[in-house]
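Chemist: Quick check, what structure comes out for this input:
(chains A and B, ligands or ions: 2)
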Amino acid sequence: MPDLGLDVLFKGRNFARLLGGLGIALKISVISILVSIVLGTVLGVLRQRENLLLKAVMRLYLEIIRIMPQMVLLFLVYFGTARSFGWDLSGETASVIVFSLWGTAEMSDLVRGALSSIPLHQQESALALGMQKAQVYRYVVLPQAVRRLIPLSINLITRMIKTTSLVLMIGVVEVLKVAQQIIEANRMSSPNAAFGVYLTVFVLYFLMCWPISMLAGRLEKRWG
Amino acid sequence: MIELRHLGKTYKTADREIVALEDINLSIQDGEIFGIIGLSGAGKSTLVRCVNLLEKPSSGHVFIDGEDITEFDRKSLLRLRRSIGMIFQGFNLLEQRSVLRNVTFPLEVSGVKRAAARERATELLKLVGLSDRAESFPSQLSGGQKQRVAIARALATNPKYLLCDEATSALDPNTTRSILELLKKINQTLGVTIIVITHEMKVIYQICDRVAVLDQSRIAEEGRVSEVFTNPRSEIARKLILPERIGISWQKDSSAIRQEV
Ligand SMILES: Nc1ncnc2c1ncn2[C@@H]1O[C@H](COP(=O)(O)OP(=O)(O)OP(=O)(O)O)[C@@H](O)[C@H]1O
Ligand SMILES: [Mg+2]
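Modeler: Ligands and ions are numbered 1, 2, ... in the order given. Alright, predicted model coming up:
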């Protein structure tokens, strides 16, 4: 059997450190996801309005987020703001800001799409039944929009979790960074550690995202 | 009674203004079935939508039972809309609710008790001939059945008026006939005044008492169906009627025509 270098995982606190790194990645993801869902929903609803200023601002924001690789955004917020404005953001804070900006943009797209996919006729028909605008929203628009939104936003959530692995680039010691450290430290004693350690990271990410993906697939089948 | 007085509607879009209605004057009596016919874009939908203020008229007045509804506040408007049912070409049922719960929907929202709402809905489903489908979902119904559910739902709040915007345009001729018969029955048994919008003359002469022909935002002519049919005065009315006459053995008595159709 080839040496997969799995042994380093059981040396000292290595495995616990990996899990700790995963915890950091998860923490950044969870906070960003929550912020994105809340702000994205608000912005998505606002984007339904015919307000020219709001439209222009949103457009600029969305284009910037779409064009920029997340890594560039991370560097910009982490290093850029430190230089230009003298802000001393921690890596984690910078990461949360970047992922929230990104997630909010994507979420607002999803919310807007889901809302505008509800035919106008349905809303009019409800109005004709003597409902107030708020009731039409609550009973006709929201239930249908949410059904469309759930699978899509779960997909966004898994993408956000995966992409947090980028934060090691600005010095946040998350799971991938811990993996690198472990591999470096054991270079002499177990030169094959890279495979085993990265494999473990792979499995950890898989275990986190797979159930969420499954759920999305399920919901999509059931409601699509 | 519904009275339209000098009703006008102009849509303003970014680059131009579209006149959809111009100086419309009509009186629709209680208990009648009134037809409005015209080509696509003539302004039929706009007209009927002004009757329950889904569309706000740009000029003129709409009187319902003597009250000028264009001056109604929000509360009065909601009350008014509950007294005017409306059905559309697309049936607009809520897919995630059963047939029964689609019919109870307007009642639930207006605060009627659950049991009372169910009772009323069951009654209405019987009226439209769908008692056995109460627990089905809209996706399991045919177009005609969906329209029946929409009719039952529109009647839930006991409206005095029913507006039908191309209610049969998505249906085949047989289904169209049965839906029209249902509307006639509702008119006769419940005394609901019905406004029927259509681009098909067939629909008009199957159930309407009177008809207005709409052409390019204006009323080209108006009168009893039998009169307009035998003696169309406007160019547009002749155009709409002529193709229908072919193949129908023509008799002056309109009731004979209706039986033929
Ligand atoms: N919301 C709107 N904004 C701008 N123009 C509109 C709007 N609704 C209708 N119109 C225009 O008003 C005119 C009348 O439209 P309307 O829908 O009343 O016609 P219609 O007789 O119902 O036609 P159809 O048989 O195709 O349904 C058309 O020229 C249409 O393009
Ligand atoms: Mg129309």
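Chemist: Show the model's pLDDT score for B:Ser249.
Modeler: Looking at B:Ser249, its pLDDT is 45.
Chemist: no wait, A:Val8
Modeler: Per-residue pLDDT puts A:Val8 at 81.
Chemist: Counting neighbours, what do you get for it?
Modeler: Other residues near A:Val8 number 21, with proximity taken as other CB atoms under 10 Å in any protein chain shown. C-beta coordinates here come from the backbone N, C-alpha and C atoms, glycine included.
Chemist: With the one 5 residues further on instead?
Modeler: With neighbours defined by other CB under 10 Å, the count for A:Arg13 comes to 9.
Chemist: now B:Gly223
Modeler: By the measure other CB under 10 Å, the count of residues near B:Gly223 is 16.
Chemist: Now tell me what touches the longest helix along chain B from outside.
Modeler: Criterion DSSP state H: the longest helix present in chain B is helix B:173-190. With contact meaning CB atoms under 8 Å, 6 or more residues apart in numbering or on different chains, helix B:173-190 is reached by B:31, B:33, B:127-129, B:142-144, B:147-148, B:151, B:155, B:162, B:164, B:167-168, B:171, B:192-194, B:196, B:202-203, B:206-207.
Chemist: now A:Leu19: how far from chain B?
Modeler: 41 Å (CB to the nearest CB, to the nearest Å).
Chemist: which element is that residue on?
Modeler: Counting by DSSP states H and E, the element that carries A:Leu19 is helix A:14-46.
Chemist: Quick check: which element contains the residue nearest the centre of chain A?
Modeler: Residue closest to the average C-alpha location in chain A (CA atoms, centre = their mean): A:Met160, at 2.3 Å. Assigned by DSSP H and E, A:Met160 belongs to helix A:142-163.
Chemist: ok, that helix near chain B or not?
Modeler: Yes - using CB under 8 Å from any CB of the partner chain, helix A:142-163 comes into contact with chain B via A:143-144, A:147.
Chemist: got a winner among the residues you listed for most neighbours?
Modeler: When neighbours are counted by other CB under 10 Å, A:Gln144 leads the residues of helix A:142-163 next to chain B with 20 neighbours.
Chemist: tell me which element the residue nearest to A:Val35 when sequence neighbours are not counted is part of?
Modeler: Of all residues not flanking A:Val35 in the chain, A:Ser100 sits nearest, at 4.2 Å (CB to CB, 6 or more residues apart in numbering or on different chains). Per DSSP H and E, A:Ser100 falls inside helix A:91-116.
Chemist: What is the subsequent helix or strand relative to that helix?
Modeler: With elements assigned by DSSP H and E, the helix or strand that comes after helix A:91-116 is helix A:120-128.
Chemist: Pull out the buried positions in stretch B:215-229.
Modeler: Applying a neighbour-count criterion of 16 or more other CB atoms under 10 Å in any protein chain shown, the buried positions in stretch B:215-229 are B:215, B:217-223, B:225-226, B:228-229.
Chemist: Let me know the closest of those residues to ligand 1.
Modeler: Ligand 1 lies nearest to B:Ser217 out of those, by CB to the nearest ligand atom, at 7.2 Å.
Chemist: residues touching the residue nearest to A:Val35, list them.
Modeler: Listed by CB under 8 Å, 6+ apart, the contact set of A:Ser100 reads A:31-32, A:35-36, A:39.
Chemist: Please, which helix or strand holds B:Leu7?
Modeler: Counting by DSSP H and E, B:Leu7 is part of strand B:2-12.
Chemist: Given the helix or strand that that strand is followed by, what are its sheet partners and their directions?
Modeler: Going down the chain from strand B:2-12, the next helix or strand is strand B:17-28, by DSSP H and E. Using DSSP bridges, strand B:17-28 pairs in its sheet with strand B:2-12 (antiparallel).
Chemist: The strand it pairs with near ligand 1 anywhere?
Modeler: Yes - residues of strand B:2-12 are located near ligand 1 by CB under 6 Å from any ligand atom, namely B:Tyr11.
Chemist: for stretch B:71-89, same thing?
Modeler: No - using CB under 6 Å from any ligand atom, stretch B:71-89 never reaches ligand 1; the gap is at least 8.1 Å.
Chemist: what sits against the nearest residue to B:Leu130 once chain neighbours are set aside?
Modeler: Of all residues not flanking B:Leu130 in the chain, B:Arg148 sits nearest, at 5.4 Å (CB to CB, 6+ apart). B:Arg148 sits next to B:128-130, B:179, B:182 when contact means CB under 8 Å, 6+ apart.
Chemist: per-residue confidence for B:Arg148?
Modeler: 96.
Chemist: Point out where chain A drops to low pLDDT.
Modeler: The model of chain A has pLDDT under 70 over residues A:1-2, A:223-224.
Chemist: So which residues on it come close to chain B?
Modeler: Listed as neighbours of chain B in chain A under the rule CB under 8 Å from any CB: A:119, A:121-122, A:124-132, A:135, A:139-140, A:143-144, A:147.
Chemist: Could I have the ChimeraX command that selects the buried members from those residues?
Modeler: The buried residues among the residues of chain A next to chain B can be selected in ChimeraX (16+ other CB under 10 Å) with this line:
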select /A:122,124,125,126,127,128,129,130,131,135,139,140,144,147
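Chemist: that older thread, against which helices or strands is the helix holding A:Leu19 packed?
Modeler: For helix A:14-46, the elements it packs on are helix A:91-116, helix A:142-163, helix A:175-185, helix A:193-223, judged by 3 or more CB pairs under 8 Å, 6 or more residues apart in numbering or on different chains; DSSP states H and E.
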